[in-house]
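Peer 1: Dropping the sequence and predicted coords here.
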Amino acid sequence: MGLFDPRIEKHLIADQGEVVIDEVRKHWAATVGATLELFAGAIVLLLSLFVGPDAWWVPAAVGALIVLHASWRLLEQKMDRFVITNMRVFRVHGILSQNIATMPLSRILDISVHTPIIGRVFGYGHFVFESAAQEQGLHAIRFVGDPDARGLTIQRVIQQAGLRGFIPGQQPAAVEPESVPDVRPASPLPPVPPLPTRPRQDAARSDSGWGWLADAQRREAERLAELRGEPMTGSPPPFDPDRTITAPIDLPR
C-alpha cells in the first residue's frame, strides 16, 4: 500500500528542524457521497442475478463501473492530507499523480473558518486562507474535523514563530544601537588662510561706469605735464565726463 500512502515525512525540511504539529485527515462527512455511491453500485450488481442470461452483463457492467468510481472517490479522500508544521502549512492530495500546495506561515494574512449547520452537528468545518500572494495554491480546505481547535493550533504556531508581534505584558527585546565609526582626523587640520581682499576701486569706476574715461583723462594730463616740462604734483583733478580740454599746447622748439 505504499502507492496509496501520502508519506508526509518525505516532504518535511528535516535539516532545518521542521516538524509536524498536526496532520489533518478528511472528516468522515466528506466520504458520505462516495459511500452511498458504493452501496448503489453494489445493488446494481445484485440486479444482475435477477436478469435473464442474455442481459445479465448489462447491470453487472454498470454496477462494476459505479463501484470502481465510488472506490476511487473514497481513496482520493483518504489520500488528501492537510499538514501544519512549525514553518508552514501544506496540502498533499492525489492518487497516481501527487499535488502539493504550500504556504509559509509568514504569508498567512487571515484564516476564515466556515462551519455550516450540519458541520456544527457532526463537528467539521471549512478553512479559507488569505495570503499576500495574488495566485494561491492553498486557498480552501474542506471537511476539517474540529475546525476551532485546528484554527487555534495554527494561530498558536504563528504566535510562537514570532510573526504577530510580542505578547502583551512582555517587554520587547532591546535593540542595541549600531556603532558609529569615528570620522575625526588623526591630527588637527591647519588653519585656513583668509582670502585676499581686492583693492577698493575708485568711486568713479564702480559707481558711474566711466572708469575707462577717467583713466584716459589721467593719462592725458600726465602726458601734457611731461611735454610742458611741468612736474606732476598732487592728485589729478576729479573726473568730469563733460570736461573737454581746449587749451593750446605749447610744444618746445
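Peer 2: That came in fine, so what should we check first?
Peer 1: Quickly run through the sheet partners of the host helix or strand of residue 89, with directions.
Peer 2: Using DSSP states H and E, residue 89 sits in strand 88-93. With DSSP bridges as the test, strand 88-93 is paired with strand 81-85 (antiparallel), strand 99-104 (antiparallel).
Peer 1: Now residue 158: closest residue in space that isn't a chain neighbour?
Peer 2: Closest residue in space to residue 158, ignoring its immediate chain neighbours: residue 105 at 5.3 Å, by C-beta to C-beta, 6 or more residues apart in numbering. The C-beta positions use only the backbone N, C-alpha and C, and glycine is treated the same way.
Peer 1: With only the CA atoms kept, save the strand holding residue 89 in CSV.
Peer 2: Provided in CSV are the C-alpha atoms of strand 88-93 (Å, rounded to 0.1, in the frame of the first residue of the first chain):
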residue,chain,number,x,y,z
ARG,A,88,4.3,26.3,7.1
VAL,A,89,1.0,24.7,6.2
PHE,A,90,0.7,22.4,3.1
ARG,A,91,-1.7,20.1,1.5
VAL,A,92,-0.9,16.8,-0.2
HIS,A,93,-3.5,15.2,-2.5
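Peer 1: Show me the helices in the stretch 51-200 of the chain, by range?
Peer 2: 57-79, 117-122, 147-160 (DSSP state H, counting those that start in this stretch).
Peer 1: tell me which residues in the shortest one are buried?
Peer 2: Meaning helix 117-122. residue 119 (16 or more other C-beta atoms under 10 Å).
Peer 1: what's that helix in contact with?
Peer 2: 27, 29, 125, 126, 147 (C-beta atoms under 8 Å, 6 or more residues apart in numbering).
Peer 1: Report whether residue 9 is found in a helix, as I expect.
Peer 2: Yes: judged by DSSP: H, G, I helix; E, B strand; the rest coil, residue 9 forms part of a helix.
Peer 1: give me the number of residues near it?
Peer 2: 8 (other C-beta atoms under 10 Å).
Peer 1: show me what contacts it?
Peer 2: residue 20.
Peer 1: From residue 67, how far out is it?
Peer 2: In this view, residue 9 and residue 67 are 33 Å apart by C-beta to C-beta, to the nearest Å.
Peer 1: Show me this structure divided up by domain.
Peer 2: 1-26+81-166, 29-79, 206-240 (automatic domain parsing).
Peer 1: deepest of the strands paired with strand 88-93, which one?
Peer 2: strand 81-85 (a mean of 20; mean count of other C-beta atoms under 10 Å).
Peer 1: biggest separation within the contacts of helix 117-122, which pair?
Peer 2: Largest separation among the contacts of helix 117-122 by C-beta to C-beta: 29 and 147, giving 12.1 Å.
Peer 1: neighbour count winner among the two?
Peer 2: residue 147 (23 against 16).
Peer 1: show me where pLDDT drops low in the stretch 151-253 of the chain?
Peer 2: Low-confidence segments of the stretch 151-253 of the chain (pLDDT under 70): 164-213, 229-253.
Peer 1: what do residue 29 and residue 147 both touch?
Peer 2: Common neighbours of residue 29 and residue 147 (C-beta under 8 Å, 6+ apart) are 119, 124.
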